[in-house]
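Chemist: I would like to see how this sequence folds:
(one chain, ligands or ions: 3)
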Amino acid sequence: MLLAIDCGNTNTVFSIWDGSQFVCTMRTSTHHSRTADAYFTWFSTLLKHYEIEPDITEVIISSTVPRVVFNLRVFTDRFFGCRPLVVGKPECELPHPPRVDEGTIVGPDRLVNAAGAYDRHGGNLIVVDFGTATTFDVVSKDGNYIGGVIAPGVNLSLEALHMAAAALPHVDIGKPQKVIGTNTVDCMQSGVYWGYIGLVREICDRIRAERDREMKVLATGGLAPLLQQSADLFDVYEEDLTMHGLTVIHAYNKKD
Ligand SMILES: Nc1ncnc2c1ncn2[C@@H]1O[C@H](COP(=O)(O)OP(=O)(O)O)[C@@H](O)[C@H]1O
Ligand SMILES: CC(C)(COP(=O)(O)O)[C@@H](O)C(=O)NCCC(=O)O
Ligand SMILES: [K+]
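Modeler: Residues are numbered from 1 along each chain as shown. Ligands and ions are numbered 1, 2, ... in the order given. The predicted model follows:
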């Protein structure tokens, strides 16, 4: 079985793929100081809880945090006796190479999203991924990642207000009932929530105009459904898009 690891700046997700479906998904916070033994203690405890005993023989990793890859490599080697495929490293080939400025190191999560999205939906896509940052990944007609947009994440935007202004509290995102807030929390939520709807709509419109064609908009990341409640921003929401992309890239590298 394949263990797919998607490490973002906030959370790291592990999913086990049995060749036809994900049998288990687990999430932990991202810390570069977490050791291989600590990963295994957490991982094996959860597997016991779910009463599954997977036979993991292969591992693929995508990490937006380069420093965590070292311990994940040790984890893979020590407990599964294999070398992981790491997206972004030269030995990990992509089905469709990115078309970006020379010397640009694209976030591996974005390359993975592009691969997963193209496999499921064909070309001419915009993938919006709500993570620590919100990324827009543009996929060409033929499946290449051709660039995109990086915007501050929803929670990061709220946190930035709290960090920078003495009188602004920590606030969680939610759908405000009105635009005009009559207390501090509602004002902050309104700014980020409605501002974000405008941001997503404007960026997608401008990408379509710049490409001069219709493009399907896919969303992934936990906050997409909350935004979709108020505006028709996305054609499809797929929670497991990044994980699917990892299985696609893994299969591509195993093909011969
Ligand atoms: N369903 C949700 N509702 C509210 N916040 C969420 C939800 N899903 C994720 N988040 C928050 O969104 C942020 C980004 O999460 P995540 O997608 O794990 O980021 P990354 O991939 O960058 O690690 C985090 O602050 C996380 O707590
Ligand atoms: C933009 C990102 C920070 C998003 O990371 P995430 O929100 O998933 O943690 C990550 O894809 C990244 O570090 N990218 C490198 C620059 C680029 O993609 O062009
Ligand atoms: K992201």
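Chemist: contacts and neighbour counts: CA atoms only from here.
Modeler: Fine.
Chemist: In which helix or strand does Val138 reside?
Modeler: Taking DSSP states H and E as the criterion, Val138 maps to strand 133-139.
Chemist: Buried residues of the helix or strand following that strand, list them for me.
Modeler: Note on strand 133-139: by DSSP H and E, the next helix or strand toward the C-terminus is strand 145-152. Residues of strand 145-152 classed as buried: 145-148, 151-152 (neighbour count, 16 or more other C-alpha atoms under 10 Å).
Chemist: Report the mean confidence score over stretch 244-256.
Modeler: Stretch 244-256 comes out with an average pLDDT of 95.
Chemist: Tell me which residues are up against it.
Modeler: Stretch 244-256 has contacts (C-alpha atoms under 8 Å, 6 or more residues apart in numbering) with 4, 17, 60-62, 85, 92-95, 112-117, 119.
Chemist: got the angle for the strand holding Val138 vs strand 145-152?
Modeler: 160 degrees (axes from the mean of the first three to the mean of the last three C-alpha atoms, to 10 degrees).
Chemist: Can we start the residue count at 408 from this point?
Modeler: Yes, from this point I'll number from 408; that puts the last item at strand 540-546.
Chemist: and strand 540-546, which strands flank it?
Modeler: Within its sheet, and counting by DSSP bridges, strand 540-546 is paired with strand 532-537 (antiparallel), strand 552-559 (antiparallel).
Chemist: What about the closest residue to ligand 2 within the stretch 558-663 of the chain? Give its phi and psi, please.
Modeler: Nearest to ligand 2, among the residues of the stretch 558-663 of the chain, is Gly560, at 7.1 Å (C-alpha to the nearest ligand atom). Note on Gly560: backbone dihedrals following degrees, to the nearest 10 are phi -70, psi 160.
Chemist: does it really touch Val535, like I thought?
Modeler: No: using C-alpha atoms under 8 Å, Gly560 is not in contact with Val535, being 11.2 Å away.
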